[in-house]
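Trainee: Fold the following and give me the result.
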Amino acid sequence: DHRAAGSVFPGPTAARPEALFAKDETARRLPGDLDGGSHEREGYLVQRSSGTGGGVTSGWRRPLCSGLGLHSARKARGRKARGPMPHGRACPSSHRAGKESPASHGKQIGVRMVADRSEVVGCRAASRLAYNRCMTTSVLLVRHGQTYGNVEQTFCGHTDTELTPLGVAQARALGRRLKGQKIHAAYASDLSRARLTAQYALDESSPLSVQLDPDLREMHYGEWEGLRGADLRTSHKEMMREFFLCRAPAPGGESVAEIRERTAASVRRIAAAHVGQTVLVVSHGNAIAAMLAEMLHMPIESSWSFAVENTSLTRLQISQSGRLTLLGFNDASHIHGLAEAAG
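Mentor: Predicted coordinates:
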C-alpha cells in the first residue's frame, strides 16, 4: 500500500494538507452513506452550528486537488455534494442540492477527510495503541538461567543454587536478544540465580543496575527445600499429589495462594512505578506461573498450568488499574541450539 500508516488520504502522498482542514477539526468516525452502502465516500463532512438554536447541520464538500490523487478529485467534481447527517439521518434537500439551509449559517465546527472505513478505523486504532502505551507499563518477564538445582531436579525454592555455564550462556543470549530494546528499569529476585541472570543480560544490552525485590523469590518449599523430586515422589507420594493439585503446601512451606498474592503484588508495584515505560523483571519458574495465574484471575487449581523455560521471555502490558494483557509467553528462541553447542 502506498499510503503511510494512519493516513486518511486516498492520494499517493502521505503529507497532511493543513489548508483543507478547519482549525477546530474533529476526528471521529463518520456514519455510512445515504445509499446504505458499507463504504464512506471521499470528501469533507462539514458541520455547522447555527449559533443561536444550537442545532447542527452537515453536508459534503468536494475535495481539492492539493494533496489528493487526481482521480479522487475528478470523481468528486462529477457528483453532487451530499452526505450523511450525524447518527445516520439524511441530509435536508437543500444539502442534497449542494445548498446550505439558513440554520447552517454560523460557526463551522468540524471538517473531516474521509477516504474509506478501513483507513478511518486503522487511524483510530493507531491512536488508541499510542494512548495505551502511554498509560500502561510494558514488562519483560524472564525466568533465571539454568542452575545446578535444575539439573539435579531439586526443590530449591529460597535455597540458593548457582547458574551452570549453560545458564550463564542463556543469560547472555537473552541480553543480545534485548539489545536495541529500550529498557527503563530492571528488577530481580534477591536470590543469586535471578540477580546474576539479570546482570549478565544487561551487560550485553544496557548499563542499568538491577534492583532487588525479595517478593519476586521462588516459592518456599519448607521441609522439601534441597530435596530431589524423585525421592519425594517415592517417600511422600500422596503429599506430592496434593501439592501439584494445589490443594496443600509442602510441609512448613508457602501455599499457592500466598505465592500468587506475593508475586502479583510485586509486579503491580513495579508497574505502578514505571507507567509508560518498559521494565525487565527476572524471577523463577513457579513464581512466574503463580503470578500469571493470579493476574489473569485463574482458579487456584490451575496455578501450575504454565511451563516456563530458563531465560524465556514473557511480555506483559499492565494498566494503571493493574489489569494484565498477555502479549507473548515463554519465548525461548534466543537459546535454541545453545545446549547442543555446550556439549
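
Trainee: Could I get the full set of strands for the stretch 151-300 of the chain?
Mentor: Along the stretch 151-300 of the chain, the segments classed as strands by DSSP state E, counting those that start in this stretch run 185-188, 210-212, 278-283.

Trainee: which helices and strands does the last one pack with?
Mentor: Under the contact definition 3 or more Cβ pairs under 8 Å, 6 or more residues apart in numbering; DSSP states H and E, strand 278-283 sits against strand 136-143, strand 185-188, helix 192-205, helix 256-273. For the C-beta atoms, the positions are set from N, CA and C on the backbone; glycine is no exception.

Trainee: strand partners of it, parallel vs antiparallel please.
Mentor: If you go by DSSP bridges, strand 278-283 pairs up with strand 136-143 (parallel), strand 185-188 (parallel).

Trainee: could you dump these to a markdown table with mean pLDDT, distance to residue 253 and mean neighbour count?
Mentor: A markdown table is the format used below for the strands paired with strand 278-283 (pLDDT from 0 to 100; distance: least, Cβ to Cβ, whole Å; neighbours: other Cβ atoms under 10 Å):
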| stretch | mean pLDDT | distance to residue 253 | mean neighbour count |
| --- | --- | --- | --- |
| strand 136-143 | 98 | 20 | 24 |
| strand 185-188 | 98 | 22 | 22 |
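
Trainee: Take those and lay them out in TSV including distance to residue 312.
Mentor: Listed next are the strands paired with strand 278-283 as TSV, based on distance: least, Cβ to Cβ, whole Å:
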stretch	distance to residue 312
strand 136-143	6
strand 185-188	15
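
Trainee: what's the span of stretch 270-288 from first residue to last?
Mentor: 15 Å (Cα to Cα, to the nearest Å).

Trainee: no, scratch that, I was asking about stretch 180-197
Mentor: For stretch 180-197, the end-to-end distance is 18 Å (Cα to Cα).

Trainee: Which positions in that stretch come out as buried?
Mentor: Using 16 or more other Cβ atoms under 10 Å as the test for burial, stretch 180-197 gives 183, 185-197.

Trainee: Specify the stretch among the strands paired with strand 278-283 that is closest to residue 260.
Mentor: Evaluated with Cβ to Cβ, these place strand 136-143 nearest to residue 260, the distance being 14.9 Å.

Trainee: which residues sit against the closest one?
Mentor: Under the contact criterion Cβ atoms under 8 Å, 6 or more residues apart in numbering, strand 136-143 has outside partners 174, 178, 181, 183, 197-198, 201, 267, 270-272, 274-285, 288, 291, 308-320, 325.

Trainee: Tell me the buried residues in whichever strand or helix holds residue 317?
Mentor: Here residue 317, judged by DSSP states H and E, is contained in strand 313-319. Within strand 313-319, the residues scored as buried using 16+ other Cβ under 10 Å are 313-314, 316-318.

Trainee: on that earlier part again, of all the helices and strands packed on strand 278-283, which lies closest to residue 163?
Mentor: So among these, helix 192-205 is nearest, using Cβ to Cβ, at 5.7 Å.

Trainee: name the helices or strands packed onto the closest one?
Mentor: Applying 3+ Cβ pairs under 8 Å, 6+ apart, we find helix 192-205 packed against strand 136-143, helix 165-178, strand 185-188, strand 210-212, strand 278-283.

Trainee: Can I get the ones you listed in TSV including distance to residue 249?
Mentor: Converted to TSV, the helices and strands packed on helix 192-205 look like this (distance: least, Cβ to Cβ, whole Å):
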stretch	distance to residue 249
strand 136-143	21
helix 165-178	27
strand 185-188	25
strand 210-212	25
strand 278-283	19
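
Trainee: To residue 338, which of the ones you listed lies closest?
Mentor: Closest among the helices and strands packed on helix 192-205, once you apply Cβ to Cβ, is helix 165-178, at 5.5 Å.

Trainee: Phi first, then psi, for the nearest residue to residue 293 once chain neighbours are set aside.
Mentor: Spatially, and ignoring its direct neighbours in sequence, residue 293 is nearest to residue 303 (4.3 Å; Cβ to Cβ, 6 or more residues apart in numbering). According to degrees, to the nearest 10, the main-chain angles of residue 303 amount to phi -60, psi -30.

Trainee: Let me see the contact set for residue 303.
Mentor: 246, 256, 260, 289-290, 293-294.

Trainee: Output the lowest mean pLDDT helix or strand found in the protein.
Mentor: Lowest by mean pLDDT, DSSP states H and E among the helices and strands of the chain is strand 107-114, with a mean of 40.

Trainee: in this protein, what spans have low per-residue confidence?
Mentor: Residue ranges of the chain with pLDDT under 70: 1-134, 342-343.

Trainee: on that earlier part again, just checking: what are the partner strands of the strand holding residue 317?
Mentor: Applying DSSP bridges, one finds strand 313-319 paired with strand 136-143 (antiparallel), strand 324-331 (antiparallel).
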